[in-house]
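Engineer: only geometry, no sequence info:
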């Protein structure tokens, strides 16, 4: 399952143009962002970013970037429902 952290890290890297800047933006270490991106790509079974001087998205990455806000909202709602059920 794709995690909120994975989506958040991915969007931050695309928006800032790099892992270090993304890490600063989302208050994580660069290695944590990198590991999260690797897990996202494993979950998707394909690369979402193409490494270069400034990372850019192949087709799959563009789809993830476009759909991230909708999926993040759905994941948050599901987590809230799960929390309510446990109470």
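Structural biologist: Structure's in. What do you need? Here the structure is a predicted model, which is why all the values come from computation and not from measurement.

Engineer: what sits against residue 34?
Structural biologist: Applying C-beta atoms under 8 Å, 6 or more residues apart in numbering to residue 34 gives the contacts residue 19. Placement of C-beta: from N, CA and C, glycine included.

Engineer: Distance-wise, check it relative to residue 16.
Structural biologist: Look at residue 34 and residue 16: by C-beta to C-beta, to the nearest Å, they are 14 Å apart.

Engineer: and residue 50, how far is that from residue 41?
Structural biologist: Plainly put, residue 50 is 11 Å away from residue 41 if you go by C-beta to C-beta.

Engineer: ok, those two, which is more surrounded?
Structural biologist: Counted by other C-beta atoms under 10 Å, residue 50 and residue 41 do not tie: residue 41 has more neighbours, with 18 against 10.

Engineer: right, and that one touches residue 35 too?
Structural biologist: No: between residue 41 and residue 35 there is no contact under C-beta atoms under 8 Å: 10.9 Å.

Engineer: So residue 10 versus residue 24, what's the distance?
Structural biologist: Per C-beta to C-beta, residue 10 is found 16 Å from residue 24.

Engineer: quick one, which of the two is more surrounded?
Structural biologist: Shown here are residue 10 and residue 24; by other C-beta under 10 Å, residue 10 has more neighbours (26 against 15).

Engineer: for residue 39, phi and psi?
Structural biologist: Residue 39 has phi and psi values of phi -70, psi -40 when expressed as degrees, to the nearest 10.

Engineer: With adjacent residues omitted, what lies nearest to it?
Structural biologist: Excluding the flanking residues, the one nearest residue 39 by C-beta to C-beta, 6 or more residues apart in numbering is residue 6, at 6.1 Å.

Engineer: Only the buried residues of the strand or helix carrying that neighbour, if you could.
Structural biologist: Element membership for residue 6 (DSSP states H and E) is helix 4-16. By neighbour count on 16 or more other C-beta atoms under 10 Å, the buried set for helix 4-16 is 6, 7, 8, 9, 10, 11, 12, 13, 14, 16.

Engineer: Wait, the second one touches residue 64, no?
Structural biologist: Yes: applying C-beta under 8 Å as the test, residue 7 and residue 64 come out as touching, 7.5 Å apart.
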